[in-house]
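Enquirer: Take this sequence and fold it.
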Amino acid sequence: MGTLLNSLTTELRRGTLTLAVLSQLQTPQYGYFLVQLLENSGIAIDQSTLYPLLRRLEKQELVTSIWDTTESRPRKYYVLSEYGMDIFLQLKKEWLKNSKELYGLLKGEEDDGSD
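Expert: This next block holds a predicted model:
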């Protein structure tokens, strides 16, 4: 049962991580700081998950990146493209709608019918 639960949890989490990352890229962020931002919001993500996700989002043209070499240590900053912002807003709307519907179903499971 443990492996099935882990697999289903990972599947459930995958989409939420994409939305979480997109939500934080309305302003330019670099990888390590993005990990911290997400963790401060209670969303654990390690760099081995984040960087492949950022590369995929960039390949899908949702995110653009730029190197900042003004500091002693160069950093690659990621930010939503215009297309990425449109997609993010649509995904956000869909997520909120689905969450509300799912919450209604799951809340119903907890009710004992004596309301």
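Enquirer: Give me the longest helix you can find in this protein.
Expert: Identified as the longest helix of the chain according to DSSP state H is helix 82-110.
Enquirer: Against which helices or strands is that one packed?
Expert: Here helix 82-110 touches helix 2-24, going by 3 or more CB pairs under 8 Å, 6 or more residues apart in numbering; DSSP states H and E. Quick note: C-beta positions are derived from backbone N, CA and C, even for glycine.
Enquirer: tell me the angle of the helix it packs on relative to helix 82-110?
Expert: Helix 2-24 and helix 82-110 meet at an angle of 130 degrees, taking axes from the mean of the first three to the mean of the last three CA atoms, to 10 degrees as the criterion.
Enquirer: Which residues does stretch 46-57 contact?
Expert: 17-18, 21-22, 31-32, 34-35, 63, 65, 78, 84 (CB atoms under 8 Å, 6 or more residues apart in numbering).
Enquirer: dump the residue contacts of residue 12.
Expert: Counting by CB under 8 Å, 6+ apart, residue 12 has no contacts.
Enquirer: do you know how far it is from residue 3?
Expert: For residue 12, the distance to residue 3 equals 15 Å [CB to CB, to the nearest Å].
Enquirer: Phi and psi next, for residue 76.
Expert: phi -100, psi 120 (degrees, to the nearest 10).
Enquirer: Against residue 28, how distant is it?
Expert: Per CB to CB, residue 76 is found 10 Å from residue 28.
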